[in-house]
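# pasting the structure only:
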């Protein structure tokens, strides 16, 4: 998705959460300055593999146990 398509949604998100756009953009810039490039070569042993990415949901322990049973 390009930003022109995303901007109306972004503006809605800012309004819904009560965020100031200039402050949000400053935080984006600080985060970019603090981040470092991720060496994709670290993932080369996973090439072609099926993987799952999980967040910190309350059901994570149960879901992880179920996925390991396969």
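Good, I have the coordinates. A quick note: this is a predicted structure, and the numbers were derived from the prediction, not measured.
# Check which helices and strands the helix or strand containing residue 24 sits against.
Using DSSP states H and E, residue 24 maps to helix 21-34. Using 3 or more Cβ pairs under 8 Å, 6 or more residues apart in numbering; DSSP states H and E, the elements in contact with helix 21-34 are helix 3-17. Quick note: C-beta positions are derived from backbone N, CA and C, even for glycine.
# mean confidence for the helix it packs on?
Here helix 3-17 scores 96 as its mean pLDDT.
# residue nearest the centroid of the protein?
In the chain, the residue lying closest to the centroid (Cα atoms, centre = their mean) is residue 55, at 9.9 Å.
# so that residue is in which element?
Using DSSP H and E, no helix or strand contains residue 55.
# before we move on, what about residue 61?
Assigned by DSSP H and E, residue 61 falls in helix 60-68.
# For that helix, buried residues please.
Within helix 60-68, no residue qualifies as buried by neighbour count (16 or more other Cβ atoms under 10 Å).
# Now do it: everything it contacts.
Helix 60-68 is contacted from outside by 52, 54, 57, using Cβ atoms under 8 Å, 6 or more residues apart in numbering.
# let's see it at 7 Å
Identification of contacts with helix 60-68 by Cβ atoms under 7 Å, 6 or more residues apart in numbering yields 52, 54.
# now stretch 24-35
Residues outside stretch 24-35 that contact it (Cβ under 7 Å, 6+ apart): residue 14.
# what stretches of this structure score poorly on pLDDT?
68-70 (pLDDT under 70).
# try it again with 90
The model of the chain has pLDDT under 90 over residues 1, 36-38, 40, 50-70.
# what about residue 24, neighbour count?
Neighbour count of residue 24, defined by other Cβ atoms under 10 Å: 14.
# can you tell me how far it sits from residue 58?
For residue 24, the distance to residue 58 (Cβ to Cβ, to the nearest Å) stands at 28 Å.
# Distance check, residue 44 against residue 36.
Distance of residue 44 to residue 36, given as Cβ to Cβ: 19 Å.
# For the two, indicate the residue with more neighbours.
residue 44 (8 against 5).
# Now do the SS call for the more buried one.
When classified by DSSP: H, G, I helix; E, B strand; the rest coil, residue 44 comes out as helix.
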